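J.: Got a predicted structure plus its sequence, pasted below:
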Amino acid sequence: DGGITQSPKYLFRKEGQNVTLSCEQNLNHDAMYWYRQDPGQGLRLIYYSQIVNDFQKGDIAEGYSVSREKKESFPLTVTSAQKNPTAFYLCASTIGKGNYEQYFGPGTRLTVT
Amino acid sequence: GNSVTQMEGPVTLSEEAFLTINCTYTATGYPSLFWYVQYPGEGLQLLLKATKADDKGSNKGFEATYRKETTSFHLEKGSVQVSDSAVYFCALSASGNTPLVFGKGTRLSVIA
């Protein structure tokens, strides 16, 4: 089955540690996105990538970093510089080529204490 | 810039009631419009979409019509069920692979 995989579902880290969230897709989609969602809130865009080896900052990129070395993978690193990292993180992808709907992964809930 | 405004929740309805969640947008050109649904602890799922004016998207009893004259894409369902309890997001895509612009979401609770 094609889809987007995010792992792990739940992640716990101590303050001051960097942590990397995985996002993999086998949909052959060109573009990938990372969003952050806080309780009772909407989605905020962190980073996105339209092609391999290229990515752009979203609205809240500070304290985060990404890479796009392969079409299928778009990992997100939450660094110790992110002041409030505890949140629900969602990865998405778009096929592009005139089809703009985004497909979402199941999300990773990160808790930093 | 492009933006989406949707009615604030939470919305609480009894089972079999009629649902309307309002969504209006601001955009240049002719955006595509979407409704997504998010169940607790999960990612977003595409519920329906419309790509041009007067198109009606429909799925699982939900429907929404792309109204360019009122820049609206209101979500409706004739008879809601408890299983429809979720957060609903309206979104637009202006062009290409640029990120979707999302509304803030509307939480729906349906009680038996």
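T.: Received it, and whenever you're ready, just let me know what you need. Here the structure is a predicted model, which means the values were calculated and not measured.

J.: What strands line up against the helix or strand hosting A:Gln6, and which way round?
T.: Secondary structure from DSSP states H and E places A:Gln6 in strand A:4-7. For strand A:4-7, the pairing partners within the sheet under DSSP bridges are strand A:19-25 (antiparallel).

J.: Can you tell me what sits against the partner strand?
T.: Contacts to strand A:19-25, defined as C-beta atoms under 8 Å, 6 or more residues apart in numbering or on different chains, come from residues A:2-8, A:11, A:13, A:32, A:34, A:72-78, A:85, A:89, A:91, A:93, A:103, A:105, A:108, A:110, A:112. Glycine gets a C-beta too; all of them are placed from N, C-alpha and C.

J.: ok, now stretch B:17-30?
T.: B:1-7, B:11, B:13, B:31, B:33, B:35, B:52-53, B:64, B:68, B:70-80, B:84, B:88, B:90, B:92, B:94-95, B:101, B:103, B:106, B:108, B:110.

J.: cool, stretch A:47-67 as well?
T.: With C-beta under 8 Å, 6+ apart as the test, stretch A:47-67 has contacts from A:30-34, A:36, A:44-46, A:68-71, A:74-79, A:81-83, A:85, A:96, B:96-97, B:99.

J.: For that stretch, give the mean pLDDT please.
T.: Stretch A:47-67 shows a mean pLDDT of 95.

J.: Generate the PyMOL command that creates a selection of the buried members of the contacts of stretch B:17-30.
T.: Remark: buried members of the contacts of stretch B:17-30, expressed as a PyMOL selection using 16 or more other C-beta atoms under 10 Å in any protein chain shown:
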select buried, chain B and resi 2+4+6+7+11+13+31+33+35+64+71+72+73+74+75+77+80+84+88+90+92+94+101+103+106+108+110
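
J.: picking that back up, what's the ChimeraX line that selects buried ones from the contacts of strand A:19-25?
T.: Entered in ChimeraX, the line below selects the buried ones among these, by 16+ other C-beta under 10 Å:
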select /A:4,6,11,13,32,34,72,74,75,76,78,85,89,91,93,103,105,108,110,112
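
J.: so what's A:Gln102 bridging to?
T.: Beta bridges link A:Gln102 to A:Thr94 when assigned by DSSP bridges.

J.: what's the closest non-adjacent residue to the residue nearest the centre of chain A?
T.: The centre of chain A sits closest to A:Trp34, judged by C-alpha atoms, centre = their mean, with a distance of 3.1 Å. Once flanking residues are discounted, A:Trp34 sits nearest to A:Ile46: 4.3 Å by C-beta to C-beta, 6 or more residues apart in numbering or on different chains.

J.: Can you spell out which helices and strands pack onto the lowest-mean-pLDDT helix or strand in chain B?
T.: Between all helices and strands in chain B, the lowest mean by mean pLDDT, DSSP states H and E belongs to strand B:101-102, at a mean of 92. Judged by 3 or more C-beta pairs under 8 Å, 6 or more residues apart in numbering or on different chains; DSSP states H and E, strand B:101-102 is in contact with strand B:3-6, strand B:86-93.
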